[in-house]
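> Provided below for reference: sequence and predicted model.
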Amino acid sequence: MSAIRYDKGADGVVVLTLDAPASSVNTLDSGYRDAMDASLDRLEAEIEDVKGVIVTSAKQTFCVGGNLGELVGIGSDQGQQCFELIEKLKGQLRRLETLGKPVVAAINGTAMGGGWELALACHRRLAIDDSRVTLGSPEVTLGLLPGAGGIVRTVRLLGLERAFPYLVEGKEFRPRQGVEAGLIHELASDADDLMKKARAWILSGPPSVQPWDCKGYEIPGGTPANPRIAQMVFVAPGMVFEKTKGCYPAPRAILAAIVEGALVDFDTALRIESRYFVSLATGQVAKNMIGTLWFQMNAAKSGKSRPAGFPARTFRTVGLLGAGMMGSGIAHACATAGIDVVLEDMTIERAEAGKAHSRKLLSKKVAQGYLSEERMAETLRRIKPTACIGDLAGCDLVIEAVFEDRGLKAQVTGETEACTSEATIFASNTSTLPITGLALASRRPDRFIGLHFFSPVDRMKLVEIIVGEKTSRETLAQAIDFVMQIKKIPIVVNDSRGFFTSRVFGTFVNEGMAMLGEGIDPSVIEQAAIQAGMPVGPLAVSDEVTLSLIAHIRDQTRADLEAANQPYVPHPAEAVLDRMVGTFGRKGRASGAGFYEYPRDGKKFLWPGLREHFARPDPGLPLKEVQDRLLFVQVVESIRCLEEGVLTNVQDANVGSILGLGFAPWSGGVLQYANQYGIREFEARARELARAYGARFEPPRLLVEKAGRNELFRDAAR
Amino acid sequence: MDRDAFIFEAVRTPRGKGKPDGSLHEVKPVDLLAGLLRELGTRTGLDTGQVDDVVIGCVTPVGEQGMDIAKTALLVADWAETVPGFQLNRFCASGLAAVDVAAAKVRSGFESLVVAGGVESMSRVPMASDGGAWAFDPETSFKTGFIPQGVCADLVATLERFSREDVDAVARRSHERAAHARRSGFFQRSIVPVKDRNGLPILEHDELIREGCTMETLARLKPSFEQLAAMGFASVAQTKYPHVDRLVHVHTPGNSSGIVDGACVLLIGSAAKGKDLGLKPRARIVSYAVTSTDPTIMLLGPGPAARKALAIAGLDRDGIDLFEVNEAFAAVALRFEREMGVSSEKVNVNGGAIALGHPLGATGAMLVNTLLDELERRGLRHGLATLCVGAGMGEAIIIERV
């Protein structure tokens, strides 16, 4: 069965309907390419009788772009095949737009990536006026570039400056915004209207040539030879570098292809685009990003970790204990997903203040035009602030977000269970305390689970679900249902101190502090992290978390371990932490002084005292060494989590590390980092670091075994 | 000594403010250069047919400065048709590179009389209007870690811990010394007034120098490169300088070199040729050196270039009586003094590019010219001129008054 249906009407209008067999979406896979060849051959053969062409789709979406499974399989030595593939794809589109007959894209649904590029190759783009339809070129977010002429055509439609956000940042848009931007010609109310308008346009006898194929065509705004554009081209690499810190080849390649393509004719520009595409598609970073940010992320989003055999549960009412930053943030996430929320705190004023957080976030969206006043009022009506714990009766789920104190948590657990039903799930939003221990305070430990949200909740997509010793499979399944219902992304981990994310986060900040203690320049430590692709340096993020809180968690850990007669091994970071908090009284950002100074009227900067008290006169470690320490310590700890069964699969490790910790997204996450480094090379390097800096870098047994078999961290297909 | 290259004469235009309201904006660059060539001929009584070649530095050789401005100006100046000419570009040291090439040509023995110099009308052919892959091709810019020079100047100041006062003091000194030199007529020997086609004067003196320039006036100016740095070029610099956690922005229009229009030419030849033509040598070119350093910080070429030139000359720092260090930015001159351990009393004694301006392609030749005049005026022997150059290069020359 062909992926494209060819229907010629009595009026001479040919409708090409994309309809990939055995798939819910259309991609530009080999089936499409063969079908497109056949369609073009037939069009050219019948050209005398053809009035025009409509390209549309039989699926709910128009076309979602390249086949990522195919792309991720391109080897680093397959440059020639890759070049031929992409040239073939764009050659077909070139044939289509130079047929000599008017071609309309009737965009009946989402058109992304190569799907949108197909639309760009049509003389006219009509789209259904539906805000659920997404259009654009998001290739950059997966380490690729729009290689089917998307760069060349967008630049020639919009000019260099206006094309920039669509290509370099992968800005997506809706049909209506597309009209404003000049990317969509006309809107249609529904599928029938769409086809009617497409046909009417063809029958009106329009020109069948693209603007760039017309004589005298000039790129809007001018080429890079124009002084104003030249000025932009001059600063653009700096701007791209500021965002990518040199870790991402795709934005660089896209910017280069934009500029170089604008200096030559259309067909040469297409070829330049292909060559840059090949450099990305054969490279490692695109593979890392596609593997984790596409395949593993989609699996996590669709609840791949959910135990089978339990019916899906829909949550109608959720209770929140504590209306602080986390509690109010979670309440907001629930309310926007249409769930009724009981927001409880010690006083009604505090509960009200928690609800005000939602009002603030929603008002901003209303002001930006993303939300109507009615929807805002509706969402706010769902949040019921209260100071009475009894109001939690009837909740499907109660999440406690009170202070990290065992006694307090035990108390609210008991009070809640007293007024809720057997079916109510009780969840703790603790970020560090083991769930099994907290569940001791529960009469229903099988219904007790950890739901670790990240701050700020409205922006952080991840929820780390922690399964306690006694948590039931059903409770886990339902917790995943809940996380998906509020449109967050779940990962599932087993109980441990700090679970997965906090544990790995701890190794990162501790390594940074330890290096400061060794006398390594603080700016080098911060820059090493940032240039390795971490969003912030370990010292900056410690300030955000608050140094005194880190000290408090350390004290709690030590006390717990001592109480359990387990050895406590102090980390070299602790000496630095204690001096900062104790000797210098610098407790972090909240108190206005930490590793950084926070001037009221300017940007923060590293406290000069750090160099005075910690720095050594010698040059210290090279940047690369500092980077390896900061990344390896996290990866080795993650492998340890996998070995201990805290993590149960690779997907959750990679997705969780990127979404929860911001771990170098270019690398595809903590375990993919080891894969792409080369598993044997990674093990050898970890050993080297262990010899030089301590046992925390020692390769765990699991890594040694993997390296021995030269086997990557990869989930078995389910 | 037979092979030595000597400077017989040097002339320059006054430097006009390089903006539409500058006096030389109405003058075509080819005329700036042609006027000087005519004057050089007149002053030396030269049979121009004796000249083997003409080497002209020009950093933006496009538009009116394109198509080999050296030969074009020779034609305009009615020099003998047998005289060839070419233009070269080594960014800010082009004028010095022209002198060095001329010296090398003479010392090679293949040629015996060469004109060297430079020209730049920055008001008419704006800086960087020649494009160039380094800054304007993104792939190249990324690969090379291109950073605008002003950001580099602030990086130098940050690493050397130069305060705003330190660099402003260099600027004030530059204006004070240049103003004094202008008032005292120290520049008179070499300046050739620019005249129109009717012989009417257009500009007779350097017009950028500020009399009575004070620290207070300088302190009022806003840093020039903060925005460019914040857009991302500071991050690019941090890849090589991770221990710099923030750049201190001290450079302003007041303590950076001025944008000006101007030209300069020198007549260089062998002793024998001078004797034949009755030309009196004014200075011997002792040595020159060119080198390159870290392209990221970019402005540290002068020290290594100077040391290389000293080594070739068999001299040491203390054997140099006067230094001309191009004040591309105040931090460059200050850093050179610190690095070489030379007193500011010996450096840029008649002011520098902050007060006088930096007509890119011409500046190197002007430094040699100014150095020579001042060695003569003071009766001193050795002088060294040096410039920092784009992408980390540095060039230096040592001359000896004879």
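Thanks, I have the structure now. Numbers count the residues shown, from 1 in each chain, chains lettered A, B, ... in the order given.
> neighbours around the residue of the stretch 251-400 of chain B at minimum distance from chain A, how many?
Going by C-beta to the nearest C-beta, chain A is nearest to residue B:296 of the stretch 251-400 of chain B, at 12.6 Å. In short, each C-beta sits where N, CA and C put it, glycine included. Here the count is done by other C-beta atoms under 10 Å in any protein chain shown, and residue B:296 has 21 residues near it.
> dump the residue contacts of it.
B:145, B:147, B:152, B:155, B:236-237, B:239-241, B:392 (C-beta atoms under 8 Å, 6 or more residues apart in numbering or on different chains).
> which pLDDT does the model give it?
pLDDT recorded at residue B:296 is 95.
> distance of the residue lying closest to residue A:31 once chain neighbours are set aside from residue A:646?
Distances taken as C-beta to C-beta, 6 or more residues apart in numbering or on different chains place residue A:3 nearest to residue A:31, at 4.1 Å, with adjacent residues excluded. Per C-beta to C-beta, to the nearest Å, residue A:3 is found 44 Å from residue A:646.
> what of residue A:205?
For residue A:205, the distance to residue A:646 - C-beta to C-beta - is 68 Å.
> so those two - more neighbours on which side?
residue A:646 (21 against 10).
> pretty sure the more buried one sits against residue A:501.
No - using C-beta atoms under 8 Å, residue A:646 is not in contact with residue A:501, being 10.5 Å away.
> which helix or strand contains residue B:268?
strand B:260-270 (DSSP states H and E).
> for chain B, list the residues in contact with chain A, please.
Residues of chain B lying near chain A by C-beta under 8 Å from any C-beta of the partner chain: B:128-129, B:131, B:135-139, B:141-142, B:146-148, B:228, B:231-233, B:235-236, B:238-239, B:242-246.
> and these, which of them are buried?
B:131, B:135-139, B:141-142, B:146-148, B:228, B:231-233, B:235-236, B:238, B:242-245 (16 or more other C-beta atoms under 10 Å in any protein chain shown).
> out of these, which sit inside helices?
Counting by DSSP state H, these place B:135-136, B:138-139, B:141-142, B:228, B:235-236, B:238 in helices.
> which one is residue B:50 nearest to, not counting chain neighbours?
residue B:113 (5.5 Å).
> then residue B:117?
Once flanking residues are discounted, residue B:117 sits nearest to residue B:265: 3.4 Å by C-beta to C-beta, 6+ apart.
> distance of the one you found from residue B:323?
23 Å.
> what about those two, which has more around it?
The neighbour count for residue B:265 versus residue B:323, taken as other C-beta under 10 Å, is higher for residue B:265 (32 against 27).
> picking up where we left off before, contact partners for the residue nearest to residue B:50?
Applying C-beta under 8 Å, 6+ apart, the residues near residue B:113 are B:50-52, B:106, B:267-270, B:273, B:277.
> which one (most neighbours) among the residues you listed?
Per-residue neighbour counts (other C-beta under 10 Å) across the contacts of residue B:113 peak at residue B:268, which has 33 neighbours.
> check contacts around the nearest residue in space to that residue that is not next to it in sequence.
In space, residue B:268 comes closest to residue B:102 once its chain neighbours are excluded; the distance is 4.4 Å by C-beta to C-beta, 6+ apart. By C-beta under 8 Å, 6+ apart, the residues touching residue B:102 are B:5, B:53, B:55, B:114-116, B:266, B:268.
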